[in-house]
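Colleague: Sequence below, structure please.
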Amino acid sequence: MASILDPLVDKQGGVRKSANWYRTNVQSLADKVTARKLMNQGKLVGRPSVGRLNMFFYDPKLKKTLPYYDTFPLVLPLEPISGGFMGMNFHYLPPLLRFRLLERMQQFADGGMDKKTKFQATYDDVKKIPMVKPTIKKYLYGHVRSNFLRIDFDEAALAVYLPVQQFKKAGTTRVWADSRSMF
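Modeller: A predicted model of the protein is given here:
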């Protein structure tokens, strides 16, 4: 099944582009892309794809006590935890910082820059990168409310610019300001 991102991946032509190129081209899709459409047209798997970005619907266990949370996270799983996994939710950063973090993460890529490429990073590998701190979150499998949408490496730069974050209890302005204050 074709993905909403396919036209931009094709337009990208397998060549890394500037942050501005991704931002501009994703904006052309902004009114067409929703979390539900991505899930309906993507590569869905039953478990998070280790080494790749993943999107999924999530209902946090501690949502009553959290100041805010994302119900459609964009996560790079880092390691398993009891009953789930710990990962980096890129949505806690504004789009340009997401892109910069993705660029930093390329040092952990296992080879080329195509759909077979995976990130080989653990929490210990990334914990000293300042902008990682606000992105580290824990996810419990019992609170996942969908399959996982696998984002291949060649789609990652497009995915970080998609405006599909779904924060509850606070808007993006507050979330991103709080995240910036952490580094």
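
Colleague: check contacts around the spatially most central residue of the chain.
Modeller: For the chain, the residue nearest the mean C-alpha position is residue 74 (2.6 Å; Cα atoms, centre = their mean). By Cβ atoms under 8 Å, 6 or more residues apart in numbering, residue 74 lies in contact with 53-55, 89-91, 98, 151, 159-160, 162, 164-165. From N, CA and C alone the C-beta is placed, and that goes for glycine too.

Colleague: ok, now with 10 Å
Modeller: 53-56, 87-92, 98, 135, 149, 151, 156, 159-160, 162, 164-165 (Cβ atoms under 10 Å, 6 or more residues apart in numbering).

Colleague: can you give me the strands in the chain?
Modeller: For the chain, the strands defined by DSSP state E cover 43-45, 53-55, 69-70, 74-81, 84-89, 136-140, 148-151, 167-168.

Colleague: Turn these into JSON lines, columns for distance to residue 37 and mean pLDDT.
Modeller: Converted to JSON lines, the strands of the chain look like this (distance: least, Cβ to Cβ, whole Å; pLDDT from 0 to 100):
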{"stretch": "strand 43-45", "distance to residue 37": "13", "mean pLDDT": "92"}
{"stretch": "strand 53-55", "distance to residue 37": "12", "mean pLDDT": "97"}
{"stretch": "strand 69-70", "distance to residue 37": "18", "mean pLDDT": "98"}
{"stretch": "strand 74-81", "distance to residue 37": "15", "mean pLDDT": "98"}
{"stretch": "strand 84-89", "distance to residue 37": "20", "mean pLDDT": "98"}
{"stretch": "strand 136-140", "distance to residue 37": "22", "mean pLDDT": "98"}
{"stretch": "strand 148-151", "distance to residue 37": "11", "mean pLDDT": "95"}
{"stretch": "strand 167-168", "distance to residue 37": "19", "mean pLDDT": "98"}
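
Colleague: what's the closest of those strands to residue 128?
Modeller: strand 136-140 (12.2 Å; Cβ to Cβ).

Colleague: mind checking how far that closest one is from the chain centre?
Modeller: Counting by Cα atoms, centre = their mean, to the nearest Å, strand 136-140 is centred 13 Å from the centre of its parent chain.

Colleague: Strand 84-89 and that one, what's the angle between them?
Modeller: Relative orientation of strand 136-140 with respect to strand 84-89: 140 degrees, computed using axes from the mean of the first three to the mean of the last three Cα atoms, to 10 degrees.

Colleague: What number of residues are in the vicinity of residue 40?
Modeller: 13 (other Cβ atoms under 10 Å).

Colleague: Kindly report the same for the one 3 residues further on.
Modeller: The local packing count at residue 43 equals 16, with neighbours defined by other Cβ under 10 Å.

Colleague: same question, residue 63
Modeller: Residue 63 has 14 nearby residues by other Cβ under 10 Å.
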